[in-house]
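*Asks:* quick one: sequence plus predicted model below, questions after.
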Amino acid sequence: MFIRQKTLVQGAVAGLLLLGATALAARAEETVKIGLIVPMTGGQASTGKQLENAVKLYMKEHGDTVAGKKIEVILKDDAAVPDNTKRLAQELIVNDKVNIIAGFGVTPAALAAAPLATQAKIPEVVMVAGTSIITERSPYIVRVSFTLPQSAAIMGDWAAKNGIKRVATLTSDYAPGHDALKFFKEHFTAGGGQIVEEVKTPLANPDFAPFLQRMKDAKPDAIFIFVPAGQGGNLMKQYAERGLDKTGIKVIGTGDVMDDDLMNGMGDAILGAVTAHNYSAAHPSEKNKAFVAAYEKAYNQRPGYVAVFGYDGMHLIYEALKKTGGKADGDSLIAAMKGMAWESPRGPISIDPETRDIVQNIYMRKVEKKDGQLWNIEFETFKDVKDPGKTKK
């Protein structure tokens, strides 16, 4: 009798455990997990903070449920160190069973995660990193941010056509900086311009002062600058300290150096700087005005371009889930993301179905002061720009 009762109890316990496991599995299937890998510390910390803020804002406005699935974001800080990125991506995929990995503040981080996305067959949504080759490294990568050639090529053409003859270049010494230099140089020299000095600065903890002195000594008409998001404030502070703003040398570049969330701290030394980029907080659309107002209300600061990338990244994920009816396997999501188009705070954007890369407007902007604040004011638009790094292949 005792044995029979014990058997019944064991059977009941086993049944309860099975039911519990089934319930957990069902709950897991009802949740879509996004592993957000961003630099929250180190030189690119402002990038990570903008992305985190934008993701929170999007979810606050659109809810944490889409297509019947609960959205869960797991934030990890990689400090923009690719070894950290790879380890964290692996932990998120294997231990946390995420459906999507996203973020990636710098190119080496995005490239470090690419083989893992391929192996696990899950989407890697690149929200910042801007080197042309990134989407070619895995069929599961989709980019919502930008590529450096998109802006650098247009900047080169514009400079050559607008009276700038001699340029010194200052670019970060890693893949996006190489892209920026290559495409600016090709387009500027093709238009008759001359490069009189080339300087490449280290990515990690750069001291710009000696490099800026070389720029000053070269006596160019303009300095072409690319540094990653977050470094522009320090660079332009040292630019003013060395008196380059008093020399008449113009500042031109890709928009990274004039990031909206940092530029008011740079001072009037940046007035008149001209950059080519995909976003300005001063972009005059109603969509952008609403976005800037909501971001400022939530975080008491102006959004930079990285915030728009994070916001659009979440939009892409939400809309892809709607298209798949909640199916969250990698192949279904990637198929849904290809060719998707929408109105972003930066203007109309789409995902190229062939390359899985961003297609967007590029704006020429000039730093002006309005109501006591510095803004990137758009004065020319180049529509529906694809990545020149791919279109040339």
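*Replies:* Arrived safely. All figures in this text were calculated on a predicted structure; none of them were measured in a lab.
*Asks:* what's the neighbour count on residue 81?
*Replies:* Residues near residue 81, counting by other Cβ atoms under 10 Å, number 19. (Glycine included, C-beta is placed from N, CA and C.)
*Asks:* please read the previous query as pertaining to residue 205.
*Replies:* By other Cβ under 10 Å, the residues close to residue 205 number 9.
*Asks:* go on, residue 261?
*Replies:* 25.
*Asks:* quick one: the closest residue to residue 68 other than its chain neighbours from residue 60, how far?
*Replies:* Residue nearest to residue 68 in three dimensions, not counting chain neighbours: residue 326, with 5.0 Å by Cβ to Cβ, 6 or more residues apart in numbering. For residue 326, the distance to residue 60 (Cβ to Cβ, to the nearest Å) stands at 21 Å.
*Asks:* thinking again about what came up before, please look at the residue nearest to residue 68 and residue 67 and confirm they touch.
*Replies:* Yes: assessed by Cβ atoms under 8 Å, residue 326 is found in contact with residue 67 at 3.7 Å.
*Asks:* tell me the secondary structure at the residue nearest to residue 68.
*Replies:* coil (DSSP: H, G, I helix; E, B strand; the rest coil).
*Asks:* and if you look at the one 5 residues further on?
*Replies:* Here residue 331 is recorded as helix under three-state DSSP.
*Asks:* who's in contact with the closest residue to it other than its chain neighbours?
*Replies:* Using Cβ to Cβ, 6+ apart and skipping residues adjacent in sequence, the residue nearest residue 331 is residue 121, 6.7 Å away. Residue 121 makes contacts with 140, 329, 330, 331, as judged by Cβ atoms under 8 Å, 6 or more residues apart in numbering.
*Asks:* nearest to residue 53 among the residues you listed?
*Replies:* Minimum distance to residue 53 across the contacts of residue 121 is 26.1 Å, recorded for residue 140 (Cβ to Cβ).
*Asks:* and the gap between the closest one and residue 121?
*Replies:* Residue 140 is 7 Å from residue 121, by Cβ to Cβ.
*Asks:* of residue 326 and residue 60, which one has the most company?
*Replies:* Comparing residue 326 with residue 60 by other Cβ under 10 Å, the one with more neighbours is residue 326, at 15 against 11.
*Asks:* just to revisit the earlier point, contacts only, for the residue nearest to residue 68.
*Replies:* 66, 67, 68, 69.
*Asks:* how near is the closest residue to residue 89 other than its chain neighbours to residue 215?
*Replies:* With sequence-adjacent residues excluded and distances taken as Cβ to Cβ, 6+ apart, residue 89 is closest to residue 113, at 4.3 Å. According to Cβ to Cβ, residue 113 and residue 215 sit 35 Å apart.
*Asks:* over to residue 334?
*Replies:* Using Cβ to Cβ, one obtains 43 Å as the distance from residue 334 to residue 215.
*Asks:* and the two? Which one has more around it.
*Replies:* The neighbour count for residue 334 versus residue 215, taken as other Cβ under 10 Å, is higher for residue 215 (27 against 21).
*Asks:* what sits up against the helix or strand where the more buried one lies?
*Replies:* For residue 215, the enclosing helix or strand under DSSP states H and E is helix 209-218. Helix 209-218 is contacted by residues 168, 170, 196-197, 199, 201, 223, 235, 238-239, 241-244, 247, 249 when judged by Cβ under 8 Å, 6+ apart.
*Asks:* for the residue nearest the centre of the chain, what are its contacts?
*Replies:* When Cα atoms, centre = their mean is applied to the chain, the residue found nearest the centroid is residue 128 (1.6 Å). Going by Cβ under 8 Å, 6+ apart, residue 128 touches 47, 51, 103, 104, 105, 106, 145, 229, 306, 309.
*Asks:* tell me the one of the residues you listed nearest residue 36?
*Replies:* Proximity to residue 36 was ranked across the contacts of residue 128 by Cβ to Cβ; first place goes to residue 103, at 4.8 Å.
*Asks:* pretty sure the closest one contacts residue 44?
*Replies:* No: look at residue 103 against residue 44 with Cβ under 8 Å: they stay out of range, at 11.1 Å.
*Asks:* buried residues in the helix holding residue 215?
*Replies:* 211, 212, 215, 216, 218 (16 or more other Cβ atoms under 10 Å).
*Asks:* find the nearest non-adjacent residue to the last one, please.
*Replies:* Once its chain neighbours are removed from consideration, residue 218 has its nearest residue in residue 197; the separation is 3.9 Å (Cβ to Cβ, 6+ apart).
*Asks:* that neighbour should be in a strand, yeah?
*Replies:* Yes: membership of residue 197 in a strand is supported by three-state DSSP.
*Asks:* can you pull up the bridge partners for it?
*Replies:* Residue 197 forms beta bridges with residue 168, as assigned by DSSP bridges.
*Asks:* what's near enough to touch it?
*Replies:* Neighbour list for residue 197: 168, 169, 214, 215, 218, 220 [criterion: Cβ under 8 Å, 6+ apart].
*Asks:* nearest to residue 339 among those residues?
*Replies:* Closest approach between the contacts of residue 197 and residue 339, by Cβ to Cβ: residue 169, at 35.9 Å.
*Asks:* from residue 219, how far out is the closest one?
*Replies:* Separation of residue 169 from residue 219 (Cβ to Cβ) stands at 14 Å.
*Asks:* okay, the two: which has more neighbours?
*Replies:* The neighbour comparison of residue 169 against residue 219 (other Cβ under 10 Å) goes to residue 169, with 26 against 13.
*Asks:* hang on, the earlier thing: and the residue nearest to the centre of the chain, what's its pLDDT?
*Replies:* What the model reports for residue 128 is a pLDDT of 96.
*Asks:* cool, and the one 4 residues further on?
*Replies:* With respect to pLDDT, residue 132 scores 96.
*Asks:* count the neighbours of residue 384 for me.
*Replies:* By other Cβ under 10 Å, 12 other residues sit near residue 384.
*Asks:* same thing with residue 372?
*Replies:* Residue 372: 6 surrounding residues under other Cβ under 10 Å.
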